[in-house]
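**Q** I would like to see how this sequence folds:
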Amino acid sequence: MTPDQRSRRRASPPTPARTRLAPSPVRRSPSSDDVHDVVYFRRHRDDDPTEYLPGREFLRSTCPPKVRATMVAVLAAVAAAPPKRFVGGGYWEAMKEELAGWFEVRVDGPKRHHYRLYCLLDYDAVNSGQDKPLLVIVCGLDKPFRSVLTKADYVGVRLLGDEYRSRNPRSLG
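**A** Down below sits the predicted model:
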């Protein structure tokens, strides 16, 4: 004969109040778990009164249409994932060494030419009405198949990132 299951249910103690879930605290800033807004870094050149968006210019003038469409699709997927949870299949990569903290969208174009878009994740922007973290497109570079970018190329990317971070509210386009 099997024991009566009802007697076990009655024997379990009630859940104490201290182990119940407490209400979550009110958030005051964007979180890395949030969906991100995709924005472009707007550069202000001293020698030219017009404003310049290096990332947008790279996409429009350097990238072939299929590469541009792939990059835009990857950025939309990364921003919605959010970025720390995105499994990119080689399209979205965290940078290392001198570009630690940066992210790269990698797409190969015709004749295996490589196109790279450099991005930052920004949780500290104080732009008015900004309630989401930012995925900031800073700039892009391209290179022939089986070649490497120079240290000077990476220094240029970092300098643009430093310029972006030097203003808060951020300069966005």
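**Q** how about low-confidence regions in the protein?
**A** For the chain, the stretches flagged by pLDDT under 70 are 1-29, 45-50, 128.
**Q** Need the residue closest to the centroid of it.
**A** Centroid-nearest residue in the chain, with C-alpha atoms, centre = their mean: Leu135, separated by 4.0 Å.
**Q** tell me which residues form a beta bridge with that one?
**A** On the basis of DSSP bridges, Leu135 takes part in beta bridges with Val38, Leu121.
**Q** What are the neighbouring residues in contact with it?
**A** 36-39, 75, 78-79, 83, 119-122 (C-beta atoms under 8 Å, 6 or more residues apart in numbering). In this view, the C-beta of every residue, glycine as well, is placed from N, C-alpha and C.
**Q** Over to Ala76?
**A** So Ala76 contacts Val38 (C-beta under 8 Å, 6+ apart).
**Q** Could you count how many residues lie near Pro169?
**A** 10 (other C-beta atoms under 10 Å).
**Q** ok, the residue nearest to the centre of the chain to Arg56 distance?
**A** With distances taken as C-beta to C-beta, to the nearest Å, Leu135 is found 14 Å from Arg56.
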